[in-house]
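S.K.: Sequence and computational prediction follow.
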Amino acid sequence: MSEVEIIKNESGLKLDYDEISPITGNKCVIVEADTETGEEHRMCMESGYVTRSSFKHNSIACSTHESGCSALMIKLRVNDNNLKTTWYPTFMQMPGVMMYVEGQGKVPGDYNWSVAKVVPIVGEDRLKYPVVGKENEYHTTRLDVDNAVKFKGFEFETALETFYDFKKNIENED
């Protein structure tokens, strides 16, 4: 098989890729194996999709994973007939920042990545954010979706770099 390289990598990240993505058709997948369980994890660095060897089509592992997914992440899932696994858009969260998928979700290319900071809620503003099921309790932080930085679906690497830049800047502020 001839080697396929990433067509467009504007992120500046220097990564070695292991496989061709079933999502983009480019060589942009990183494969990591868990040495304890032997499970393989794959991430397409162009699309932001992930899969695991346990994510066999319609498996319990897929059902368990989907219980923590947004409706859009489930709608955008892709079955890989080569590996017999299901791929999902990823979701990343670290203290102070989150990266998530948004869009219409009709096809894998019909989404974008958003990177947003977690900001404090102060004073009377907290009353707008009650904790569900807990009377007189209010959230102290919220996701600043109004100022999220957005990237096209296949600009995942650039979104990931921005996610880590946000995290680094938050750590420098502390």
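M.R.: Cool, the structure landed. Please read these numbers as outputs of a predicted model, since none were measured by experiment. Numbers count the residues shown, from 1 in each chain.
S.K.: now the helices: where do they sit in the chain?
M.R.: Taking DSSP state H, the helices of the chain run over residues 60-66, 71-75, 156-173.
S.K.: Which of these sits closest to residue 131?
M.R.: helix 71-75 (22.3 Å; C-beta to C-beta). Quick note: C-beta positions are derived from backbone N, CA and C, even for glycine.
S.K.: can you dump the C-alpha coordinates of that closest one into PDB?
M.R.: Backbone C-alpha positions of helix 71-75 (Å, rounded to 0.1, in the frame of the first residue of the first chain) are rendered in PDB as follows:
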ATOM      1  CA  ALA A  71     -26.700  13.500  21.300                       C
ATOM      2  CA  LEU A  72     -24.500  15.100  18.600                       C
ATOM      3  CA  MET A  73     -21.500  12.800  19.400                       C
ATOM      4  CA  ILE A  74     -23.800   9.800  19.000                       C
ATOM      5  CA  LYS A  75     -25.300  11.100  15.800                       C
END
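S.K.: ok, residues contacting it?
M.R.: 66, 88, 89, 91, 101, 102, 103, 105, 111 (C-beta atoms under 8 Å, 6 or more residues apart in numbering).
S.K.: make it 7 Å
M.R.: Identification of contacts with helix 71-75 by C-beta atoms under 7 Å, 6 or more residues apart in numbering yields 66, 88, 89, 91, 101, 103, 105.
S.K.: Residue ranges in the protein under the pLDDT threshold?
M.R.: Along the chain, the parts satisfying pLDDT under 70 run over 1-15, 108, 174.
S.K.: quick one: the strands in the protein?
M.R.: For the chain, applying DSSP state E gives strands covering 19-20, 27-33, 40-44, 49-52, 78-80, 85-89, 92-94, 97-102, 112-120, 141-143, 149-152.
S.K.: Please convert the ones you listed to JSON lines, extending it with distance to residue 59.
M.R.: Below are those laid out as JSON lines (distance: least, C-beta to C-beta, whole Å):
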{"stretch": "strand 19-20", "distance to residue 59": "21"}
{"stretch": "strand 27-33", "distance to residue 59": "19"}
{"stretch": "strand 40-44", "distance to residue 59": "15"}
{"stretch": "strand 49-52", "distance to residue 59": "10"}
{"stretch": "strand 78-80", "distance to residue 59": "12"}
{"stretch": "strand 85-89", "distance to residue 59": "8"}
{"stretch": "strand 92-94", "distance to residue 59": "23"}
{"stretch": "strand 97-102", "distance to residue 59": "22"}
{"stretch": "strand 112-120", "distance to residue 59": "27"}
{"stretch": "strand 141-143", "distance to residue 59": "31"}
{"stretch": "strand 149-152", "distance to residue 59": "30"}
